[in-house]
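Asks: Below is the structure, and that's it, no one-letter string:
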């Protein structure tokens, strides 16, 4: 099974997107290295999107209580749906009858779907990955089941998303078992070939490959080269968000940043690069400097439901009693519909009002969700503007100083990662 | 007292019959009556953010309960009271971030109120805040009205919630309510040296859910000495509408009886109700039911009161149904979405389901009231009412699916040993377990057998 095909035997891969690279950071007299940040425009079947981009996650075909119009009004042009969830509800048959996820949720902009493999492995107990696919026990009646790359692609074809992801062999990135890691990486390449073969609508849905290999730079290098050769319309870097594990190493270790750096260094320049499951604002700002273009994370919407507001100086939990009589906007000067005063067409929402509603009325969660998603999207706008105006290093410095209060408090992994691309955060 | 205008346009004011009118308060949208007040929970119409309310509904008047804001008062000053506002502004409006032109009606308790185990006292009523049962002193209520400045305040009444009141208790109800009304109107509007200190809220005096004879003295006083200070009446059961004395017959009548069906709304209107609070609108939305009735339905031969008043959107028969909730409905939900999406959202427990249903259900009620007003003006209300009764089933459809998580202040306590409001989703309370449960709640598991999963193409049985 899955003997490696020669490049020539591979199915020709049409693309349903065009990628316009608009700007890159340029070298200055002071720096030897430059950041790999790039600003571009990605033209997709449901409209053009500016890169770098953050994609909010509408897991089950709805972004946590927001109408599609509210989501569009915030500025979203590309959101995520989860294949695993849509495969269970409403299911492939309904998706076929309805005519896909756009029609289902009344969303005329772009959708990206994951492969379903990540949820399968991280959420289901007793899932087991074999060469055919992911074996798991039906949570309903315990029957052994098998999800193959062909199933995943078929489901994503029914969903009709503008960008679809290959099924990959997902294992914990920090796994110390190098043999298993190598096997997962190689299997992901073989599965990509099966996904390419199974893909019915390459002319209207863009299949992205997913580079695996854990924290092993050699494995990542090998995978990058192999996958780039398959010439998919876009390229993802996987295994970065192992859920909880993310905290452990994105926060304290420098390895993933060098891993991202390694991968982006080997990838063709004319394709969008998507880092799956990342992330926090600081992760995004660093990853953009390392050459990544696309990001997604459930954190802004999930944390909103716990009463957390994202601000330029970190998250603020508005369920804390100190905000009970704080009548200022969620973030002073924020241009989201919640924070803008009524006189400027906004809703004039205060921290005290969110405190009053948080965890009690769904309206509180909806308002904070709008604020948080807007925060991420407008951060991406500023990032893009900074790259286009060739001042990204200054932007990064300013961003981290504001987030941490002073340069000395910036985590060392950030400092090191950015040092590698010519930004010295500690410089006076 | 602010200049209010309520004109009964049709028919003559004192007749206890359906009537149309216009309620005008400076600065607010005029309200054509009969009309309904949208009920709020903690100052928000459930599931509707202010922008959704503005863009997709015609909601123009709200009922807000003070008990939703005064958690630990009087021990702790509630945040609502700490809010600063200009003299002409309402702190209640500012705190709840509601637009200028929406009419705000404030009462002491939610509609319907939750039963409180502690009885009222001579100077205070029992209330339920989100942190438990408390007392609200009549004095404090008046002070709250001064501070938060609603457009209309529903006066304090000594009511017995959920139990039958005895003869002695009824006497007390009348005496206390009479005293509350007298004191409140005096403090808010009477003995005023300088006009600035007069309250800007207009007073709707309660009419108790008792026989006419039992509250005669009080009602007489309303029409007499207290008349100049009251701008409306608040009634707690439909039959009270029939005992309003002529002298105050021209005042707008707000009902807080919690009608359970549109039939009961029509009955209240037929007795001359002007402003009506309707808990079943939000309850239907939470229950996954799309209201589906019009006024007046065309009368067909052999009608047998068999048409359902709503559609249970939980039903899987709508899973791939691309038609609107109700054919021809012009609401946002029906013009932009379809049954399949609502069904999916409900079954996936996505909050947007309730938002979309709330928009549709409010629109249904808007159309219903507009048609009722037209029919009163055209003199066809009675026929319409009859046609309605002959066409529609006498109650709303049963809820089959699960609604949003219920809070204590939503509950209708049924007495000791009542079942839990929500099924427990986890039993450990440490932070990690909570986070885990939250993560798990995003993971739907298949409701169907492996066989069906295979048929639907999700995966194949592994042999």
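Replies: Done, it's in. Just so it is clear, the structure is predicted and the values come from calculations on it, not from any experiment.

Asks: alpha carbons only for contacts and neighbour counts from here, please
Replies: Noted.

Asks: Could you list the single helix or strand in the chain with the lowest mean pLDDT?
Replies: All of this refers to chain A. helix A:244-252 (a mean of 41; mean pLDDT, DSSP states H and E).

Asks: looking at chain B here, not the other one
Replies: helix B:431-440 (a mean of 50).

Asks: Need phi/psi at residue A:275.
Replies: Residue A:275 adopts backbone torsions of phi -100, psi 110, taken as degrees, to the nearest 10.

Asks: actually residue A:362, not the one I typed
Replies: phi -60, psi -30.

Asks: How about the one 10 residues further on?
Replies: Per-residue torsions, residue A:372: phi -60, psi -40 (degrees, to the nearest 10).

Asks: show me what contacts it?
Replies: With contacts defined as C-alpha atoms under 8 Å, 6 or more residues apart in numbering or on different chains, the neighbours of residue A:372 are A:300-301, A:304, A:309-310.

Asks: what would those residues look like in TSV with secondary structure, distance to chain B and neighbour count?
Replies: What follows is these, written out as TSV (DSSP: H, G, I helix; E, B strand; the rest coil; distance: C-alpha to the nearest C-alpha, whole Å; neighbours: other C-alpha atoms under 10 Å in any protein chain shown):
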residue	secondary structure	distance to chain B	neighbour count
A:300	helix	14	27
A:301	helix	12	24
A:304	helix	13	27
A:309	strand	17	26
A:310	strand	19	25
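
Asks: Redo those as a markdown table? Include pLDDT.
Replies: Formatted as a markdown table, the contacts of residue A:372 follow (pLDDT from 0 to 100):
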| residue | pLDDT |
| --- | --- |
| A:300 | 95 |
| A:301 | 95 |
| A:304 | 95 |
| A:309 | 97 |
| A:310 | 97 |
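
Asks: Which helix or which strand is home to residue 188?
Replies: Since you didn't name a chain, this refers to chain A. Using DSSP states H and E, residue A:188 sits within helix A:178-198.

Asks: My question was about chain B, not that one.
Replies: Here residue B:188 is assigned to helix B:167-189, by DSSP H and E.

Asks: continuing past that helix, what's the next helix or strand?
Replies: Trace forward from helix B:167-189 with DSSP H and E and the next one is strand B:202-207.

Asks: Does residue A:22 belong to a helix, a strand or coil?
Replies: Three-state assignment for residue A:22 (DSSP: H, G, I helix; E, B strand; the rest coil): strand.

Asks: How much space separates the residue nearest to it when sequence neighbours are not counted from residue B:292?
Replies: Leaving out its chain neighbours, the residue that sits closest to residue A:22 by C-alpha to C-alpha, 6 or more residues apart in numbering or on different chains is residue A:40, at 4.8 Å. Remark: distance between residue A:40 and residue B:292 (C-alpha to C-alpha, to the nearest Å) = 49 Å.

Asks: The two: which has the busier surroundings?
Replies: Ranked by neighbour count (other C-alpha atoms under 10 Å in any protein chain shown), residue A:40 and residue B:292 place residue A:40 first, with 23 against 20.

Asks: and that one, bridged to which residues?
Replies: Listed by DSSP bridges, the beta-bridge partners for residue A:40 are residue A:21, residue A:51.

Asks: doesn't residue A:18 make contact with it?
Replies: No. Taking C-alpha atoms under 8 Å as the definition, residue A:40 is not a contact partner of residue A:18, at 10.4 Å.

Asks: Can you say which helix or strand has residue B:452 in it?
Replies: Per DSSP H and E, residue B:452 falls inside helix B:450-455.

Asks: got the residues of the stretch 201-350 of chain A near chain B?
Replies: The stretch 201-350 of chain A has residues A:324-325, A:327, A:342, A:347-350 near chain B, with proximity defined as C-alpha under 8 Å from any C-alpha of the partner chain.

Asks: so which of the residues you listed comes closest to chain B?
Replies: Comparing those against chain B with C-alpha to the nearest C-alpha places residue A:325 closest, at 4.9 Å.

Asks: Might you report the residue contacts of the closest one?
Replies: By C-alpha under 8 Å, 6+ apart, the contact set of residue A:325 is A:351-352, B:79-80, B:82-83.

Asks: rerun that using 6 Å as the cut-off
Replies: Going by C-alpha atoms under 6 Å, 6 or more residues apart in numbering or on different chains, residue A:325 touches A:352, B:79.

Asks: Would you confirm that it belongs to a helix?
Replies: No. Using three-state DSSP, the assignment for residue A:325 is coil, not a helix.

Asks: Tell me which residues are up against stretch A:178-186.
Replies: So stretch A:178-186 is in contact with A:169, A:212-213, going by C-alpha under 6 Å, 6+ apart.

Asks: ok, now stretch B:137-153?
Replies: Outside stretch B:137-153, the residues touching it (C-alpha under 6 Å, 6+ apart) are B:90-92, B:104-107, B:123-124, B:199, B:201-203.

Asks: and what of stretch A:96-113?
Replies: Stretch A:96-113 is contacted from outside by A:46, A:61, A:68, A:77-83, A:158-164, B:320, B:341, using C-alpha under 6 Å, 6+ apart.

Asks: Identify those among the residues you listed that sit within helices.
Replies: Applying DSSP state H to these, the entries found in helices are A:68, A:83, A:158-159, B:341.

Asks: Name the nearest of the residues you listed relative to residue B:71.
Replies: Nearest to residue B:71 out of the ones in helices among the contacts of stretch A:96-113 is residue A:68 (C-alpha to C-alpha; 35.2 Å).

Asks: Next, the contact list for that closest one, please.
Replies: Applying C-alpha under 6 Å, 6+ apart, we find residue A:68 in contact with residue A:107.

Asks: repeat for residue A:164
Replies: By C-alpha under 6 Å, 6+ apart, the contact list for residue A:164 reads A:112-113, A:206-207.

Asks: Which one (most neighbours) among the residues you listed?
Replies: residue A:207 (31 neighbours).

Asks: quick revisit: so which pair among the residues of the stretch 201-350 of chain A next to chain B is furthest apart in space?
Replies: A:324 and A:342, at 20.8 Å, using C-alpha to C-alpha across these.

Asks: More neighbours: which of these two?
Replies: More crowded of residue A:324 and residue A:342, by other C-alpha under 10 Å: residue A:324, with 20 against 16.

Asks: And the more buried one, its phi and psi?
Replies: As for residue A:324, its main-chain torsions (degrees, to the nearest 10) stand at phi -60, psi -40.

Asks: could you measure it against residue A:278, distance?
Replies: 32 Å.
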